[in-house]
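>>> Sequence below, structure please.
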Amino acid sequence: MEHRGIHELRENVVGLKSLLVWSYLLLDGRDVLAIDSGLGPHSFWIKSWFRKTGRDRKDLKAIVLTHGHVDHMGGAASLQRWSGAPIFLHPADRDLAQGRFAGPWPSRRLAMVEKSSNLMFWIRRFRVDHDLADGDVLPFGDGIRVIHLPGHTAGQVALYSEREKILFAADAVLSRGSSVFFPHRLFNQDDRLARRSVFRLADLPAEWVYPAHQTGLAHNIMDDLRRYRAARESAGES
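Numbering: from 1, shown residues only. Below is the predicted model:
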């Protein structure tokens, strides 16, 4: 199925795209795990996909937010009310996701971007039901491992499907065709830490990586991550 923002990427992975932001649905039989809720249109397309595939809203078992930026959690309140699904989020991003912008911030500009984005997109507050922690294995499929990758935000996580060998990389890395890059430092709470955090991904036996921002994903970017780590380590950074 490909309809507006809905893209079937694999037999068990559905991507939802609005502007340059992707959220994903991971399927296990009739059970569905939402990875990020995206901007407002994402929640509409998720509901539309459920209707078109004959699934019940109760088949949505969980909404996992990779971090607290508005483009990743803008539809969370709507999805939670619609499905009753629990929301998972790392506790370090609770304040950010709920519109509380207590410091310290690396720059006043970044704080202003966050505040204005919440106002611009009319973000509604939601209930966080479960905290995520590094190393957690979520009880979905044969297990979804949580990998804490601070830097972009304090609580950003990636999700790794042990069974499918798929990595959902959030904003740890971005992709445009064959180009792989980091978010601009303006959007990182700690730019240096963000670049070191991806070292943790390089040894995963992932057969495909899905960033939250990608255009024309052309290849599995695991080799790019390994080359980056090797280059930084040879430069004396660990």
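>>> so what does the longest strand belonging to the chain touch, helix or strand wise?
The residue-count maximum for a strand in the chain (DSSP state E) belongs to strand 21-28. If contacts are counted by 3 or more C-beta pairs under 8 Å, 6 or more residues apart in numbering; DSSP states H and E, strand 21-28 sits against strand 13-18, strand 31-35, helix 40-52, helix 70-73, strand 166-170, strand 208-211. From N, CA and C alone the C-beta is placed, and that goes for glycine too.
>>> would TSV of the ones you listed with mean neighbour count be doable?
Shown next, in TSV, are the helices and strands packed on strand 21-28 (neighbours: other C-beta atoms under 10 Å):
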stretch	mean neighbour count
strand 13-18	21
strand 31-35	24
helix 40-52	19
helix 70-73	24
strand 166-170	26
strand 208-211	23
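>>> Could I get those in TSV, plus columns for distance to residue 194?
Below are the helices and strands packed on strand 21-28 laid out as TSV (distance: least, C-beta to C-beta, whole Å):
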stretch	distance to residue 194
strand 13-18	23
strand 31-35	19
helix 40-52	24
helix 70-73	15
strand 166-170	11
strand 208-211	13
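>>> Relative to residue 140, which of those is closest?
Nearest of the helices and strands packed on strand 21-28 to residue 140, taken as C-beta to C-beta: strand 31-35 at 4.9 Å.
>>> how many degrees apart are that closest one and strand 13-18 in direction?
Going by axes from the mean of the first three to the mean of the last three C-alpha atoms, to 10 degrees, strand 31-35 is angled at 40 degrees with respect to strand 13-18.
>>> Partner strands of strand 31-35, with direction?
If you go by DSSP bridges, strand 31-35 pairs up with strand 21-28 (antiparallel), strand 60-64 (parallel).
>>> Flag every buried residue along the helix or strand residue 232 falls within.
Applying DSSP states H and E as the criterion places residue 232 in helix 222-234. For helix 222-234, burial by neighbour count (16 or more other C-beta atoms under 10 Å) applies to 222, 224-225, 228-229.
>>> How about stretch 68-88?
Within stretch 68-88, the residues scored as buried using 16+ other C-beta under 10 Å are 68-80, 83, 85, 87-88.
>>> how near is residue 95 to residue 154?
Computed with C-beta to C-beta, to the nearest Å, the distance linking residue 95 and residue 154 is 9 Å.
>>> again, but for residue 62
22 Å.
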